[in-house]
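> Curious how this folds, go ahead:
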Amino acid sequence: MSFTLAIADIVFSVRGWGPDEGPGLRPSVAAFLADGPADLSIDVRFGPLPSPLPRPEECVFSTGSPWSLYRRGGEHVFLLESPRAGPEPFAVATFDDDFRRGEVVGRFDETASAPGGLLPGSLEFPLSEVLMVCLLAKGRGLMVHASGVDDAGRGLLFCGNSTHGKTTMARLWADSARVLNDDRVVLRRRGDRVFMFGTPWHGDLSAVSPCGVPLDRLHFLKQAPANDLRPVSGIEAASMLLARSFPPFWDPAGMEYTLDLAVGITRDVPCAELGFVPDPSAVEFVRCARSS
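Numbering: from 1, shown residues only. Below you'll find the predicted structure:
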């Protein structure tokens with residue numbers, strides 16, 4: 001089996017499945033099915049994991065769980081782990097230096113499936129999202145922890161960490177605007193404009209869109225007793241964006257690009273800290289503030 005996804009105009013081609021046909025794509029992922037030449041081609045198979053596994057001294061970044069990144073020769077090797085899979089990785093993913101081609105080998109047993117997967121088989125969470133971060137770091141863009149809405153062709157981004165209200169804000173806009181995502185949004189430059197794109201990796205709100213829209217306003221969410229807007233700019237705005245993004249900490253060149261991009265985005269797009277009450281008045285408040 002094979003399929004192709006276009007996420008933020010970055011094309012993933014996935015081929016192979018396992019000894020049996022895998023499950024169908026989840027609806028949030030199926031929305032991103034596309035055609036076209038692949039930026040990254042991935043072969044997936046199930047069976048014994050490659051041996052030997054990377055050595056500890058080859059590790060360049062580790063989350064402890066659920067994933068770690070190793071450099072072996074000219075390749076990037078990810079070990080994917082889950083408490084449900086036992087002490088051994090449930091999958092090993094190997095990619096070339098430029099992230100153009102790769103192979104994912106997954107254990108084929110009932111314990112090896114990590115929870116919260118968004119792509120089938122061994123492209124479960126977190127590999128799909130980490131691969132997007134790696135590809136964006138090659139001069140393509142930045143993924144942010146945010147909800148995004150397309151309000152009549154104008155992109156409104158609401159950045160925040162957990163409990164800041166991203167999903168609440170997306171729900172408030174859902175009746176009058178198109179929700180791109182309530183948790184993961186990609187920012188990319190197109191000429192002299194910044195565009196934002198939906199992704200399949202949503203939070204509690206499953207409504208997603210593969211569309212992109214020019215970014216009109218960038219908001220940093222906070223809980224507040226009343227709707228309130230405080231403009232921010234310069235280093236403060238860039239720092240707030242980076243604190244709500246997914247930088248490639250393991251990639252020095254990618255980090256330099258990401259820092260420059262964050263500074264450029266917050267320079268070119270109006271930014272503000274937004275305190276809001278969780279009712280429809282927040283939508284009208286943002287719309288009125290944008291038009292003033």
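> so where is the stretch 101-250 of the chain shaky, pLDDT-wise?
Across the stretch 101-250 of the chain, residues meeting the criterion (pLDDT under 70) sit at 108-121.
> That one: strands as residue ranges?
For the stretch 101-250 of the chain, the strands identified by DSSP state E, counting those that start in this stretch occupy 101-106, 142-151, 154-159, 178-181, 184-190, 193-198, 212-223, 228-232, in order along the chain.
> Who are the contact partners of the closest residue in space to G254 that isn't next to it in sequence?
The spatial neighbour of G254 that comes closest, neighbours along the chain excluded (C-beta to C-beta, 6 or more residues apart in numbering), is A137 at 3.0 Å. Just so you know, the C-beta spots here come from the backbone N, C-alpha and C atoms, and that holds for glycine as well. With C-beta atoms under 8 Å, 6 or more residues apart in numbering as the criterion, the residues that contact A137 are P248, D251, A253, G254, M255, Y257, T258.
> The second one against C134, yeah?
Think D251. Yes: with contact defined as C-beta atoms under 8 Å, D251 reaches C134; the gap is 7.4 Å.
> Show me what counts as buried in the top helix by length along the chain.
Using DSSP state H, we find that the single longest helix of the chain is helix 252-268. Taking 16 or more other C-beta atoms under 10 Å as the basis for neighbour counts, the residues of helix 252-268 that come out buried are G254, Y257, T258, L261, A262, V263, I265, T266.
> How about stretch 278-286?
Under the neighbour-count rule (16+ other C-beta under 10 Å), stretch 278-286 has A282, V283, F285, V286 buried.
> Tell me how far it lies from the chain's centre.
Here the centre of mass of C-alpha atoms in stretch 278-286, compared against the chain's by C-alpha atoms, centre = their mean, to the nearest Å, lies 26 Å away.
> Contacts for that stretch next, please.
Contacts to stretch 278-286, defined as C-beta under 8 Å, 6+ apart, come from residues 156, 165, 168-169, 172-173, 176, 217, 219, 227, 229, 274, 276.
> Which parts of the stretch 1-150 of the chain are helices?
In the stretch 1-150 of the chain, the segments counted as helices under DSSP state H, counting those that start in this stretch are 27-30, 127-136.
> Would you mind extracting the C-alpha trace of stretch 122-141 into CSV?
Extracted C-alpha coordinates of stretch 122-141, given in CSV (Å, rounded to 0.1, in the frame of the first residue of the first chain):
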residue,chain,number,x,y,z
SER,A,122,5.3,2.7,12.4
LEU,A,123,4.6,6.3,11.4
GLU,A,124,2.7,6.7,14.6
PHE,A,125,3.3,9.6,17.0
PRO,A,126,5.9,11.1,17.5
LEU,A,127,7.8,10.3,14.2
SER,A,128,5.5,12.1,11.8
GLU,A,129,5.7,15.4,13.7
VAL,A,130,9.5,15.1,14.3
LEU,A,131,10.1,14.5,10.6
MET,A,132,8.1,17.7,9.9
VAL,A,133,10.3,19.7,12.3
CYS,A,134,13.4,18.3,10.6
LEU,A,135,12.2,19.2,7.1
LEU,A,136,11.1,22.7,8.1
ALA,A,137,14.5,23.3,9.6
LYS,A,138,16.0,22.9,6.1
GLY,A,139,15.0,26.5,5.3
ARG,A,140,11.3,25.8,4.9
GLY,A,141,9.5,27.1,8.0
